[in-house]
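Peer 1: sequence and predicted structure, then a few things I'm wondering about:
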Amino acid sequence: MINLLNAVISGAINVNTPDEDLISEYLLTQNARLFDVLYERYSGKVYAKCVTILKDQDDAMDAMQDIFMKVLLSIASFKGNAKFSTWLYSVTYNFCIDETRRKKKLIIEGDDKLSQIGETEQYVDNIDDERLLSVKVEHMKLVLDDMRADDKSLLLMKYQDDLSIKDICDVVKKSESAVKMQLLRAKEKFIKIHEEKFHYDGQ
Amino acid sequence: MDNRYNGFKELEQSIIDGKGDQFSQVKNNLQANKGSFDFIGNLVTLYLPQVMEVIGRFLGTDSKK
(Lines give C-alpha, C1' and ligand atoms only; values in the text may rest on other atoms or scores of the structure.)
Protein backbone atom coordinates (compact mmCIF):
# COMPACT_ATOMS: atom_id res chain seq x y z
CA MET A 1 0.00 0.00 0.00
CA ILE A 2 1.22 3.47 -0.85
CA ASN A 3 2.29 5.50 2.15
CA LEU A 4 0.61 8.80 1.44
CA LEU A 5 2.61 10.67 4.02
CA ASN A 6 5.83 9.73 2.29
CA ALA A 7 4.19 10.63 -0.98
CA VAL A 8 3.41 14.11 0.33
CA ILE A 9 6.93 14.55 1.66
CA SER A 10 8.46 13.45 -1.61
CA GLY A 11 6.02 15.57 -3.60
CA ALA A 12 4.45 12.52 -5.23
CA ILE A 13 0.86 13.48 -4.40
CA ASN A 14 -0.89 14.28 -7.63
CA VAL A 15 -4.30 15.43 -8.73
CA ASN A 16 -5.51 11.84 -8.89
CA THR A 17 -4.91 11.04 -5.23
CA PRO A 18 -8.44 10.72 -3.84
CA ASP A 19 -9.50 13.11 -1.10
CA GLU A 20 -10.75 10.22 1.00
CA ASP A 21 -7.28 8.59 1.00
CA LEU A 22 -5.73 11.84 2.17
CA ILE A 23 -8.28 12.08 4.98
CA SER A 24 -7.71 8.49 6.13
CA GLU A 25 -3.98 9.10 6.26
CA TYR A 26 -4.45 12.45 8.00
CA LEU A 27 -6.59 10.84 10.68
CA LEU A 28 -3.88 8.24 11.24
CA THR A 29 -0.88 10.55 11.27
CA GLN A 30 -2.32 14.03 12.05
CA ASN A 31 0.25 15.37 9.64
CA ALA A 32 -0.77 18.90 8.69
CA ARG A 33 0.77 18.59 5.23
CA LEU A 34 -1.94 16.13 4.23
CA PHE A 35 -4.64 18.60 5.19
CA ASP A 36 -2.72 21.29 3.31
CA VAL A 37 -3.20 19.29 0.13
CA LEU A 38 -6.96 19.32 0.66
CA TYR A 39 -6.81 23.02 1.45
CA GLU A 40 -4.90 23.75 -1.76
CA ARG A 41 -7.48 21.81 -3.73
CA TYR A 42 -10.56 23.46 -2.31
CA SER A 43 -9.71 26.85 -0.79
CA GLY A 44 -10.35 28.68 -4.05
CA LYS A 45 -13.68 26.97 -4.65
CA VAL A 46 -14.83 27.54 -1.08
CA TYR A 47 -13.81 31.18 -1.26
CA ALA A 48 -15.63 31.65 -4.57
CA LYS A 49 -18.84 30.30 -3.04
CA CYS A 50 -18.44 32.46 0.05
CA VAL A 51 -17.88 35.66 -1.91
CA THR A 52 -20.76 34.88 -4.27
CA ILE A 53 -23.17 34.32 -1.40
CA LEU A 54 -21.90 36.89 1.11
CA LYS A 55 -21.07 39.55 -1.52
CA ASP A 56 -18.14 40.87 0.50
CA GLN A 57 -14.51 39.84 0.08
CA ASP A 58 -13.48 40.34 3.71
CA ASP A 59 -16.52 38.48 5.02
CA ALA A 60 -15.80 35.72 2.52
CA MET A 61 -12.20 35.38 3.69
CA ASP A 62 -13.32 35.21 7.33
CA ALA A 63 -16.01 32.68 6.42
CA MET A 64 -13.51 30.53 4.53
CA GLN A 65 -11.23 30.43 7.58
CA ASP A 66 -14.13 29.48 9.86
CA ILE A 67 -15.32 26.81 7.44
CA PHE A 68 -11.92 25.15 7.14
CA MET A 69 -11.45 25.34 10.90
CA LYS A 70 -14.79 23.65 11.34
CA VAL A 71 -13.83 20.98 8.83
CA LEU A 72 -10.42 20.50 10.42
CA LEU A 73 -11.94 19.99 13.86
CA SER A 74 -14.73 17.70 12.69
CA ILE A 75 -12.94 15.76 9.98
CA ALA A 76 -12.91 12.66 12.17
CA SER A 77 -16.70 12.60 11.86
CA PHE A 78 -16.47 12.39 8.07
CA LYS A 79 -17.83 8.92 7.33
CA GLY A 80 -17.18 8.77 3.63
CA ASN A 81 -20.85 8.19 2.80
CA ALA A 82 -20.66 11.15 0.44
CA LYS A 83 -17.68 12.57 -1.40
CA PHE A 84 -15.47 14.86 0.66
CA SER A 85 -16.17 17.72 -1.74
CA THR A 86 -19.93 17.31 -1.22
CA TRP A 87 -19.45 17.33 2.54
CA LEU A 88 -17.21 20.40 2.35
CA TYR A 89 -19.65 22.26 0.10
CA SER A 90 -22.46 21.33 2.47
CA VAL A 91 -20.59 22.93 5.36
CA THR A 92 -19.82 25.94 3.15
CA TYR A 93 -23.37 26.58 1.92
CA ASN A 94 -24.96 26.07 5.30
CA PHE A 95 -22.40 28.34 6.95
CA CYS A 96 -22.92 31.12 4.39
CA ILE A 97 -26.71 30.89 4.48
CA ASP A 98 -26.65 31.03 8.28
CA GLU A 99 -24.29 33.99 8.07
CA THR A 100 -26.57 35.94 5.72
CA ARG A 101 -29.55 35.18 7.96
CA ARG A 102 -27.57 36.31 10.95
CA LYS A 103 -26.67 39.56 9.27
CA LYS A 104 -30.16 39.91 7.87
CA LYS A 105 -28.84 40.19 4.36
CA LEU A 106 -31.63 38.12 2.85
CA ILE A 107 -33.52 40.14 0.28
CA ILE A 108 -37.03 40.15 1.71
CA GLU A 109 -38.42 41.64 -1.47
CA GLY A 110 -37.40 38.49 -3.29
CA ASP A 111 -39.67 36.38 -1.09
CA ASP A 112 -42.79 38.16 -2.32
CA LYS A 113 -41.85 37.85 -5.96
CA LEU A 114 -41.17 34.16 -5.56
CA SER A 115 -44.49 33.63 -3.83
CA GLN A 116 -46.26 35.23 -6.77
CA ILE A 117 -44.46 32.98 -9.20
CA GLY A 118 -45.49 29.94 -7.14
CA GLU A 119 -49.14 30.90 -7.20
CA THR A 120 -49.45 31.51 -10.89
CA GLU A 121 -47.11 29.07 -12.64
CA GLN A 122 -47.31 25.36 -13.23
CA TYR A 123 -44.42 23.55 -11.54
CA VAL A 124 -43.06 22.16 -14.76
CA ASP A 125 -39.39 22.70 -15.32
CA ASN A 126 -39.30 23.77 -18.94
CA ILE A 127 -36.39 26.16 -18.51
CA ASP A 128 -33.50 25.18 -20.73
CA ASP A 129 -30.29 24.92 -18.70
CA GLU A 130 -28.47 26.40 -21.67
CA ARG A 131 -30.33 29.64 -21.05
CA LEU A 132 -28.71 29.92 -17.60
CA LEU A 133 -25.31 28.54 -18.48
CA SER A 134 -24.85 30.92 -21.41
CA VAL A 135 -25.00 34.07 -19.26
CA LYS A 136 -21.77 36.07 -19.40
CA VAL A 137 -19.56 36.08 -16.32
CA GLU A 138 -19.93 39.81 -15.67
CA HIS A 139 -23.73 39.54 -15.92
CA MET A 140 -23.78 36.33 -13.87
CA LYS A 141 -22.25 38.06 -10.86
CA LEU A 142 -24.73 40.94 -10.95
CA VAL A 143 -27.72 38.65 -11.33
CA LEU A 144 -26.61 36.40 -8.46
CA ASP A 145 -26.00 39.47 -6.29
CA ASP A 146 -29.73 40.21 -6.52
CA MET A 147 -30.80 36.74 -5.44
CA ARG A 148 -31.48 35.30 -2.02
CA ALA A 149 -28.63 33.33 -0.49
CA ASP A 150 -30.54 30.04 -0.40
CA ASP A 151 -31.71 30.34 -4.00
CA LYS A 152 -28.32 31.17 -5.42
CA SER A 153 -26.77 28.40 -3.35
CA LEU A 154 -29.05 25.91 -5.08
CA LEU A 155 -28.01 27.20 -8.49
CA LEU A 156 -24.35 27.01 -7.55
CA MET A 157 -24.76 23.44 -6.29
CA LYS A 158 -26.41 22.35 -9.50
CA TYR A 159 -24.51 24.29 -12.15
CA GLN A 160 -21.15 25.01 -10.52
CA ASP A 161 -20.60 21.91 -8.41
CA ASP A 162 -22.57 19.48 -10.59
CA LEU A 163 -24.25 18.00 -7.51
CA SER A 164 -27.07 15.56 -8.12
CA ILE A 165 -30.57 16.33 -6.81
CA LYS A 166 -30.02 13.66 -4.15
CA ASP A 167 -26.78 15.33 -3.01
CA ILE A 168 -28.51 18.72 -2.90
CA CYS A 169 -31.28 17.17 -0.78
CA ASP A 170 -28.63 15.96 1.67
CA VAL A 171 -26.98 19.39 1.80
CA VAL A 172 -30.14 21.41 2.39
CA LYS A 173 -31.93 18.64 4.31
CA LYS A 174 -35.11 18.88 2.27
CA SER A 175 -37.14 16.38 0.27
CA GLU A 176 -36.52 15.82 -3.41
CA SER A 177 -39.78 17.49 -4.42
CA ALA A 178 -39.03 20.52 -2.24
CA VAL A 179 -35.58 20.87 -3.75
CA LYS A 180 -36.87 20.55 -7.32
CA MET A 181 -39.52 23.15 -6.57
CA GLN A 182 -37.07 25.62 -5.05
CA LEU A 183 -34.60 25.03 -7.85
CA LEU A 184 -37.25 25.79 -10.45
CA ARG A 185 -38.17 28.98 -8.62
CA ALA A 186 -34.52 29.97 -8.37
CA LYS A 187 -34.09 29.44 -12.12
CA GLU A 188 -37.17 31.53 -12.87
CA LYS A 189 -35.94 34.25 -10.56
CA PHE A 190 -32.48 34.17 -12.18
CA ILE A 191 -33.91 34.55 -15.66
CA LYS A 192 -36.32 37.27 -14.60
CA ILE A 193 -33.54 39.34 -13.01
CA HIS A 194 -31.30 38.76 -16.02
CA GLU A 195 -34.00 39.92 -18.42
CA GLU A 196 -34.77 42.97 -16.32
CA LYS A 197 -31.14 43.97 -15.96
CA PHE A 198 -29.84 43.22 -19.43
CA HIS A 199 -32.93 43.15 -21.64
CA TYR A 200 -32.06 39.66 -22.77
CA ASP A 201 -33.99 38.75 -25.90
CA GLY A 202 -32.57 35.28 -26.47
CA GLN A 203 -30.07 36.39 -29.08
CA MET B 1 -18.68 16.28 -18.66
CA ASP B 2 -19.28 18.28 -21.80
CA ASN B 3 -17.22 21.28 -22.74
CA ARG B 4 -20.02 23.73 -23.37
CA TYR B 5 -19.71 27.23 -21.92
CA ASN B 6 -20.86 27.41 -18.31
CA GLY B 7 -21.11 30.92 -16.87
CA PHE B 8 -21.31 29.56 -13.31
CA LYS B 9 -17.98 27.77 -13.60
CA GLU B 10 -16.44 30.72 -15.43
CA LEU B 11 -17.51 32.98 -12.57
CA GLU B 12 -15.95 30.64 -10.03
CA GLN B 13 -12.69 30.52 -11.96
CA SER B 14 -12.56 34.29 -12.38
CA ILE B 15 -12.98 34.78 -8.61
CA ILE B 16 -10.22 32.26 -7.86
CA ASP B 17 -7.88 33.79 -10.45
CA GLY B 18 -8.56 37.28 -9.09
CA LYS B 19 -7.54 36.28 -5.58
CA GLY B 20 -4.11 34.96 -6.55
CA ASP B 21 -2.17 33.41 -3.66
CA GLN B 22 -3.92 35.30 -0.85
CA PHE B 23 -5.21 32.04 0.55
CA SER B 24 -1.86 31.20 2.15
CA GLN B 25 -2.52 33.67 4.98
CA VAL B 26 -5.70 31.81 5.89
CA LYS B 27 -3.74 28.55 5.80
CA ASN B 28 -1.22 29.96 8.27
CA ASN B 29 -4.02 31.11 10.57
CA LEU B 30 -5.61 27.67 10.40
CA GLN B 31 -2.37 25.98 11.37
CA ALA B 32 -1.87 28.40 14.26
CA ASN B 33 -5.42 27.85 15.51
CA LYS B 34 -5.12 24.10 15.15
CA GLY B 35 -1.84 24.27 17.07
CA SER B 36 -3.59 26.10 19.90
CA PHE B 37 -6.40 23.56 19.98
CA ASP B 38 -3.89 20.71 20.04
CA PHE B 39 -1.96 22.37 22.85
CA ILE B 40 -5.10 22.79 24.95
CA GLY B 41 -6.09 19.23 24.12
CA ASN B 42 -2.70 17.94 25.23
CA LEU B 43 -2.94 19.89 28.49
CA VAL B 44 -6.34 18.41 29.16
CA THR B 45 -5.15 14.90 28.31
CA LEU B 46 -2.11 15.31 30.52
CA TYR B 47 -3.64 16.92 33.57
CA LEU B 48 -7.31 15.95 33.54
CA PRO B 49 -6.73 12.51 35.13
CA GLN B 50 -4.73 14.14 37.93
CA VAL B 51 -7.37 16.81 38.46
CA MET B 52 -10.06 14.12 38.58
CA GLU B 53 -7.96 12.16 41.06
CA VAL B 54 -7.63 15.21 43.32
CA ILE B 55 -11.37 15.84 43.11
CA GLY B 56 -12.03 12.17 43.82
CA ARG B 57 -9.82 12.25 46.89
CA PHE B 58 -11.48 15.43 48.07
CA LEU B 59 -14.96 13.98 47.66
CA GLY B 60 -13.82 10.69 49.18
CA THR B 61 -12.53 12.48 52.28
CA ASP B 62 -15.79 14.39 52.52
CA SER B 63 -17.88 11.25 52.32
CA LYS B 64 -15.91 9.60 55.15
CA LYS B 65 -16.73 12.56 57.30
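Peer 2: That came through, no problem.
Peer 1: C-alpha from now on. contacts and neighbour counts both.
Peer 2: OK.
Peer 1: contact partners for the closest residue to chain B within chain A?
Peer 2: For chain A, the residue closest to chain B is A:Leu133, as judged by CA to the nearest CA, at 4.6 Å. Neighbouring residues of A:Leu133 by CA atoms under 8 Å, 6 or more residues apart in numbering or on different chains: A:Tyr159, B:Tyr5, B:Asn6, B:Gly7, B:Phe8.
Peer 1: now do the contacts for the residue found closest to the last one once you drop the neighbours it is linked to in the chain.
Peer 2: Closest residue to B:Phe8 in three dimensions, ignoring its sequence neighbours and counting by CA to CA, 6 or more residues apart in numbering or on different chains: A:Gln160, at 5.3 Å. Residues in contact with A:Gln160, defined by CA under 8 Å, 6+ apart, are B:Phe8, B:Lys9, B:Glu12.
Peer 1: what about 10 Å?
Peer 2: Counting by CA atoms under 10 Å, 6 or more residues apart in numbering or on different chains, A:Gln160 touches A:Lys45, A:Lys49, A:Leu133, A:Ser153, A:Leu154, B:Asn6, B:Gly7, B:Phe8, B:Lys9, B:Glu10, B:Leu11, B:Glu12.
Peer 1: low-confidence ranges, chain B, go.
Peer 2: By pLDDT under 70, the weakly predicted segments of chain B are B:1-2, B:61-65.
Peer 1: which residues of it lie near chain A?
Peer 2: B:1, B:4-17, B:19-27, B:29-31, B:33-34, B:37 (CA under 10 Å from any CA of the partner chain).
Peer 1: quick check: closest non-adjacent residue to the closest residue to chain A within chain B.
Peer 2: Using CA to the nearest CA, the single residue of chain B nearest to chain A is B:Asn6, 4.6 Å away. Distances taken as CA to CA, 6+ apart place A:Leu133 nearest to B:Asn6, at 4.6 Å, with adjacent residues excluded.
Peer 1: can you check which helix is longest in chain B?
Peer 2: In chain B, assigned by DSSP state H, the helix with the most residues is helix B:23-64.
Peer 1: tally of neighbours for the closest residue to B:Phe23 other than its chain neighbours?
Peer 2: For B:Phe23, ignoring the flanking residues on the chain, the nearest one in space by CA to CA, 6+ apart is A:Ser43 at 7.0 Å. Under the neighbour criterion other CA atoms under 10 Å in any protein chain shown, A:Ser43 is assigned a count of 21.
Peer 1: so which strand or helix has A:Ser43?
Peer 2: helix A:32-54 (DSSP states H and E).
Peer 1: for that helix, name the packing helices and strands.
Peer 2: helix A:4-9, helix A:19-29, helix A:57-74, helix A:84-102, helix A:137-145, helix A:149-155, helix B:7-19, helix B:23-64 (3 or more CA pairs under 10 Å, 6 or more residues apart in numbering or on different chains; DSSP states H and E).
Peer 1: mind running it again at 6 Å?
Peer 2: When contacts are defined as 3 or more CA pairs under 6 Å, 6 or more residues apart in numbering or on different chains; DSSP states H and E, helix A:32-54 packs onto helix A:57-74, helix B:7-19.
Peer 1: in a markdown table, list those helices along with distance to A:Pro18 and mean neighbour count.
Peer 2: Below are the helices and strands packed on helix A:32-54 laid out as a markdown table (distance: least, CA to CA, whole Å; neighbours: other CA atoms under 10 Å in any protein chain shown):
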| stretch | distance to A:Pro18 | mean neighbour count |
| --- | --- | --- |
| helix A:57-74 | 17 | 18 |
| helix B:7-19 | 22 | 18 |
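Peer 1: who wins for proximity to B:Val44 among those helices?
Peer 2: helix A:57-74 (16.4 Å; CA to CA).
Peer 1: what comes into contact with that closest one?
Peer 2: A:Tyr47, A:Cys50, A:Val51, B:Val26 (CA atoms under 6 Å, 6 or more residues apart in numbering or on different chains).
Peer 1: redo the contacts of A:Gln160 as TSV? Include distance to B:Leu46.
Peer 2: Output for those, formatted as TSV (distance: CA to CA, whole Å):
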residue	distance to B:Leu46
A:Lys45	39
A:Lys49	40
A:Leu133	56
A:Ser153	44
A:Leu154	46
B:Asn6	54
B:Gly7	53
B:Phe8	50
B:Lys9	49
B:Glu10	51
B:Leu11	49
B:Glu12	46
